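**Student:** need a 3D model of the sequence below.
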Amino acid sequence: DDIQAAIDSLPETGGCICIKTGLHEIGRPLRIENSNIVLHGETAGARIRRQNGVSVLIVQSPDGKQLEDVKVHGIRFETMARPDDEDPYPFVMLFANRCTNFLLQDCALSPDRFDFMLGVWMGGIEGGVIEGCEIGPVGMGIWVAEDSTGLAVRNCRIRAEFLDGVDAGSVGIWLEDVYGAAMIEGNRILNFLSGIYINRNSTGELPASFANGSIVRGNRIKRSASSGDPVDGQRLFAIEYAASGGLVRGNIMSYESPAYGGIRVTGRNVRIEKNDLVSNRTPDADGGSLMPIGIQLGLINEKVTGHGEAGEISQNRLRGTQDAILSLGASKAKITGNRIDGGETRARTGIMAGAGDNIEISGNEFLRTEFLITLGEGEDCSVSDNTLLGGRLGILATKQTGLSVRGNRLTGLSAGGMLIGPTEG
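**Tutor:** Reported below is the predicted structural model:
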């Protein structure tokens, strides 16, 4: 109550509230309702704890006006209770709505137990930054749900729990209703079904996003479940990217369940490069034939075309038992310079491209992979200068028109180097 009174006493021009070192108890969520306010922890020992609910901070004008320049820095927020239904947003620890230049920096959002609660909800944000924060254990980490732009989430640690063999969190970072380029960089995300989800729609619906030009770079995403089935026939990817014209680069992820995948891009003109994807899957671990998918570009759908068009998959490293790279309906795709190594357990599929034209597959290296390069229906595709060492079948192509195959090195294949089915040209 003393902290809220201090916030309320600030003039209309704003000001700074400095939270002293030590534990400060609150009985209801703090509210910042005006612009130009800084809530600042004096040192790393500044703690705000709520014993009777989950909601700890609401940033929102009571009359719906757009706030400006709100900063929250260097505070550990703790909750020790179940959600209080009398709160406006009972399942959300920090709620920020309609604010230009919102900063959450070097803070912790720390429940004392795991529950399906949300760390940060944002909507109507123009220029929002969450940086250097620790969030969890929570059911969902950060959800940008309404009409926001100019967002950055950097160098945060966001975690759920691993319970009874299940990754218990739903999404680490969800950019749902976001337009324009966002930056998701340097985060560590643990035990969520999906790590970074840039998509307006839920799993099972056609993917779409207006967060064009977004960059997803240098994140580490780990999921621990070893079993499970795809949802509505689709994998749950560590990075789901439905926007166009952006970059997915230098991320590291590991997975084991056949329900999982590494990266799926369905927007156009997106570069997927220098990522490290590790499958810990044991072949036929549960007696089934399903495998995790490393990278999927595109989406085959009879009603909508163009998903993944002109995407580039380059210089990625994929290790372990999985279907490594799939290009589905993604015309003009370039798949170049990737290294696929199945290890002792072997990858099942190296690169598979289907229902796309003008696809280039070149300069890739395959080790210990069963089916190295497979092409389905398409026109004017090329397979060149790849190195295929060990495995079952090197290059399989069917229903191709104008296919070019040249300069590939094929060694130690048990079922043959090339099998070219019905083609034209």
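**Student:** so residue 221 touches residue 194, yeah?
**Tutor:** No - at 9.1 Å, residue 221 does not count as touching residue 194 under the criterion of CB atoms under 8 Å. The C-beta positions use only the backbone N, C-alpha and C, and glycine is treated the same way.
**Student:** find residues that contact each of those two.
**Tutor:** Taking CB atoms under 8 Å, 6 or more residues apart in numbering as the criterion, residue 221 and residue 194 both touch 172, 238.
**Student:** show me which positions of stretch 2-20 end up buried.
**Tutor:** 4, 7, 10, 14, 17, 19 (16 or more other CB atoms under 10 Å).
**Student:** okay, it in PDB with CA atoms only?
**Tutor:** Only the C-alpha atoms of stretch 2-20 are listed here, as PDB (Å, rounded to 0.1, in the frame of the first residue of the first chain):
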ATOM      1  CA  ASP A   2       2.900   2.400   0.700                       C
ATOM      2  CA  ILE A   3       4.300   1.700  -2.800                       C
ATOM      3  CA  GLN A   4       0.900   2.400  -4.400                       C
ATOM      4  CA  ALA A   5       0.500   5.500  -2.400                       C
ATOM      5  CA  ALA A   6       3.900   6.700  -3.600                       C
ATOM      6  CA  ILE A   7       2.900   6.000  -7.200                       C
ATOM      7  CA  ASP A   8      -0.400   7.800  -6.800                       C
ATOM      8  CA  SER A   9       1.400  10.900  -5.300                       C
ATOM      9  CA  LEU A  10       3.500  11.500  -8.400                       C
ATOM     10  CA  PRO A  11       2.500  14.700 -10.400                       C
ATOM     11  CA  GLU A  12       1.000  14.400 -13.800                       C
ATOM     12  CA  THR A  13       4.400  14.900 -15.300                       C
ATOM     13  CA  GLY A  14       5.500  11.600 -13.800                       C
ATOM     14  CA  GLY A  15       8.500  10.700 -11.700                       C
ATOM     15  CA  CYS A  16      10.500   7.800 -10.200                       C
ATOM     16  CA  ILE A  17       9.700   5.500  -7.400                       C
ATOM     17  CA  CYS A  18      12.700   3.800  -5.900                       C
ATOM     18  CA  ILE A  19      12.000   0.500  -4.200                       C
ATOM     19  CA  LYS A  20      14.400   0.000  -1.300                       C
END
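**Student:** returning to what we had before: filter the buried residues of stretch 2-20 down to just the ones in strands.
**Tutor:** Among those, DSSP state E puts 17, 19 in strands.
**Student:** show me where the chain has helices.
**Tutor:** In the chain, the helices defined using DSSP state H lie at 2-8.
**Student:** which secondary element of it has the worst mean pLDDT?
**Tutor:** Of all helical and strand segments in the chain, the minimum by mean pLDDT, DSSP states H and E falls on strand 423-424, at a mean of 60.
**Student:** now the residue sitting nearest the centre point of the chain: how far from residue 379?
**Tutor:** Centroid-nearest residue in the chain: residue 196, 1.8 Å away (criterion: CA atoms, centre = their mean). With distances taken as CB to CB, to the nearest Å, residue 196 is found 34 Å from residue 379.
**Student:** quick revisit: just the buried residues of stretch 2-20 now: which is nearest residue 27?
**Tutor:** Nearest to residue 27 among the buried residues of stretch 2-20 is residue 4, at 9.8 Å by CB to CB.
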